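Colleague: sequence and predicted model, in that order:
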Amino acid sequence: MLPSLSNRFGGLTGDIFAWPSLAGAVADDCKVRNDGDVAKVEIDLPGFSEEEIDVVVENGVLAIHAENTERGRRRRLFRLLDTADPESIRATLKNGVLTVSVGKSEQAKERKIEIRSD
């Protein structure tokens, strides 16, 4: 499904939660960073309003699409790995920067295992 989505949306594609291989990844208007249990995608979208931006998750792909008459279209795709929790995704727009946060699933988070003596 990714090739058809890639053709439909075009632009930068990448994997989120290749912990930490995408941390610090940068494109012209996009930066991905790893903050422990949360990956953040920051995209510069000056001149776009919240109503002109769509953030969609479908079949393990995070798609970001922005369009207005003055600025044109911006599209980015990111493949979510199994460690991502799609239900945790949040998006904010502040000062022309869209930040999309994706948390790790509970199963993927590190946890300490208690050692018991028998």
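Modeller: Now that the structure is in, tell me what you want to look at. None of these values were measured; they are calculated from a predicted model.
Colleague: helices of this protein, residue ranges please.
Modeller: Secondary structure of the chain (DSSP state H): helices located at 2-9.
Colleague: which parts of it are strands?
Modeller: 13-16, 25-26, 30-34, 38-44, 53-58, 61-68, 72-80, 90-94, 97-103 (DSSP state E).
Colleague: in CSV: the ones you listed, plus distance to R111 and mean pLDDT.
Modeller: Where C-beta positions appear, they are placed from N, C-alpha and C, glycine not excepted. Shown next, in CSV, are these (distance: least, C-beta to C-beta, whole Å; pLDDT from 0 to 100):
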stretch, distance to R111, mean pLDDT
strand 13-16, 21, 48
strand 25-26, 27, 44
strand 30-34, 18, 85
strand 38-44, 17, 91
strand 53-58, 25, 93
strand 61-68, 25, 91
strand 72-80, 21, 88
strand 90-94, 23, 97
strand 97-103, 15, 94
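Colleague: what separates E42 from I89, distance-wise?
Modeller: For E42, the distance to I89 equals 14 Å [C-beta to C-beta, to the nearest Å].
Colleague: P46 now?
Modeller: Taking C-beta to C-beta, one finds P46 at 23 Å from I89.
Colleague: neighbour count winner among the two?
Modeller: Using other C-beta atoms under 10 Å, the more surrounded residue of P46 and I89 is I89, with 18 against 9.
Colleague: spatially nearest residue to that one (excluding sequence neighbours)?
Modeller: Leaving aside its sequence neighbours, I89 sits nearest to V102 (C-beta to C-beta, 6 or more residues apart in numbering; 5.2 Å).
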